[in-house]
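1. below: sequence and its predicted model.
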Amino acid sequence: QYFVKYATDVQWLDWASHRTPFDTLFAAAAPLTDAAALLAWWFAKFATSHSEEALLIVQQNGGRLNPHAALSVAVHLGKSENRPDAKSLGRWVALLAQEDDPSVSDRLSSLLALSRWPDDRVVALHLFDRLIERVRVIHPSFGLTPDHLVRFSSNDLVGDEYWLKHAWTNFFRPHLNELAIELTTILEHHIAKAHRFQRTVGQAGTEYDPQSFGRTAIDDDPQNGLGSPFDLLIDGLRDCVRSITDSDPESIGAVLDRFESSEVPLLRRMALFGWTIRTDVSSDDKIRHLLSSELLFSFPVRREVFRLLEGVIPEASIMVAPLIRAVRDGPTQEESINPTIDCQLVVDLLAQMSEAPEALDALEEYQREHPGPGPSEHLGYDRWISHAGFITTFPISIEDLLKTRSVEELEGVVADTLSNPETAPWD
């Protein structure tokens, strides 16, 4: 205690670095003694006041910090009165971001929330990219098949959700005019990486993944529920698409084309959301694109299809008739899910276009040829949660369900439901 109180000159750093217990500050797995913990706090002060000298000591001792020492440095960096310049901050962030310790990640999250514009722009992007990595967790499955006794989830993020949202609201979103393109690249990468991981462990495919299934709509929607930390990525990418659409309409087309050609369901949904909010193309052109994209009957993007039709039908003209014919013809064999679902989807799509008289005529004709339920109460939703309970919009038998989803995918859905009942999409 005497040493750390009075050894305030930076020259003491080199002296201490050759002695025990200071050397334990660079032993990754070693628990720190009380004396070493005091030295970690003492060392952290130099990280802000004499950044390069402190970094040199780290380099000379193997280039890594003990988690406790890393946490002490992160705490000091987050103190506004000690905050170093952007260059020094960036060098420490590059070092600390290597740590897997949750306490360090939490402190880095709060540090991100304190980012200053424009000085910390580059550092903040790097730190955000690191903190929105997913934490992979393995759980026991329901054992429906002997080959799959465990399941994997990756909804939680490395960073603290509260501080990440704070940083998005107060630092990133106000400057999306300048950051949207870079952030789009970062967020697109992480969403695709999450999907690729789910496919690697057999819990997703091109038409399904848990993150997409758990998200009712890309846009703000009460049916999205409380959500999960992963929704931060979806909301962030949606905000970027909005910003690029408003401020750089010449660039948004290429972005949406990239999303639409992806095998990731969430990115294809994001593409259709982007087409819905575009102001640089006409309603007829939006319908023309919907028909050419082959997304009209795509199960993962259903909510976004209905959202697009809601906006274009009142203003479209020459493309309304071709759209009604395409809907009336129904899905192709490749697009078909199940006869019951196919018929209900056609009925609901025609009902969604009810402002066009031709759509009502087509609906009456179709229902005469295909007797069955009328339009769903909640058009465009495959499920609906209210105070009265859960309603499935598209009834389907167990046999038909097993034809469209693998056992592994279904296990993931059921497991997520039971582990997160407050946000579960199923009853």
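-> The structure has been received and is ready for your questions. Residues are numbered from 1 along each chain as shown.
2. check the closest residue to residue 316 other than its chain neighbours and give its pLDDT.
-> Nearest non-adjacent residue to residue 316, counting by Cβ to Cβ, 6 or more residues apart in numbering: residue 283, 4.0 Å away. (Each C-beta comes from the backbone N, C-alpha and C, glycine too.) pLDDT for residue 283: 97.
3. residue 136 too?
-> 81.
4. just to revisit the earlier point, what sits against the residue nearest to residue 316?
-> In this structure, residue 283 makes contact with 311-313, 315-316, 319, judged by Cβ atoms under 8 Å, 6 or more residues apart in numbering.
5. go again using 6 Å as the cut-off
-> With contact set as Cβ atoms under 6 Å, 6 or more residues apart in numbering, residue 283 has these partners: 312, 315-316.
6. tabulate those residues (TSV), appending pLDDT.
-> Formatted as TSV, the contacts of residue 283 follow (pLDDT from 0 to 100):
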residue	pLDDT
312	96
315	95
316	96
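7. where does the stretch 101-250 of the chain have low pLDDT?
-> 142-148 (pLDDT under 70).
8. at 50 instead, please
-> Across the stretch 101-250 of the chain, nothing is flagged by pLDDT under 50.
9. can you count the residues close to residue 364?
-> When neighbours are counted by other Cβ atoms under 10 Å, residue 364 registers 10.
10. next, count neighbours for residue 101.
-> Count around residue 101 with other Cβ under 10 Å applied: 17.
11. and it, how far is that from residue 210?
-> 27 Å (Cβ to Cβ, to the nearest Å).
12. how about residue 321?
-> 39 Å.
13. of these two, which one has the most company?
-> residue 210 (25 against 14).
14. check the nearest residue to that one once chain neighbours are set aside and give its pLDDT.
-> Ranked by Cβ to Cβ, 6+ apart and with sequence neighbours excluded, the top spatial neighbour of residue 210 is residue 412, at 5.3 Å. We have a pLDDT of 72 for residue 412.
15. count the residues that sit near the residue nearest to residue 58 when sequence neighbours are not counted.
-> Spatial nearest neighbour of residue 58, chain neighbours left out: residue 65 (6.3 Å); criterion: Cβ to Cβ, 6+ apart. By other Cβ under 10 Å, the residues close to residue 65 number 28.
16. separation between residue 65 and residue 95?
-> As for residue 65, its distance to residue 95 is 7 Å (criterion: Cβ to Cβ).
17. for residue 292, same thing?
-> Taking Cβ to Cβ, one finds residue 292 at 50 Å from residue 95.
18. one more: residue 62?
-> 12 Å.
19. higher neighbour count, these two?
-> Using other Cβ under 10 Å, the more surrounded residue of residue 62 and residue 95 is residue 95, with 18 against 11.
20. wasn't that one part of a helix?
-> Yes. Applying DSSP: H, G, I helix; E, B strand; the rest coil, one finds residue 95 inside a helix.
21. can you give me the pLDDT of the residue nearest to it when sequence neighbours are not counted?
-> Leaving aside its sequence neighbours, residue 95 sits nearest to residue 58 (Cβ to Cβ, 6+ apart; 6.8 Å). Residue 58 carries a pLDDT value of 95.
22. element containing residue 58, please.
-> Secondary structure assigned from DSSP states H and E places residue 58 in helix 51-60.
23. do the same with residue 217
-> Counting by DSSP H and E, residue 217 is part of no helix or strand.
24. list the contacts of it.
-> residue 303.
25. what do you get if the cut-off is 7 Å, keeping everything else the same?
-> Residues in contact with residue 217, defined by Cβ atoms under 7 Å, 6 or more residues apart in numbering, are 223-224, 303.
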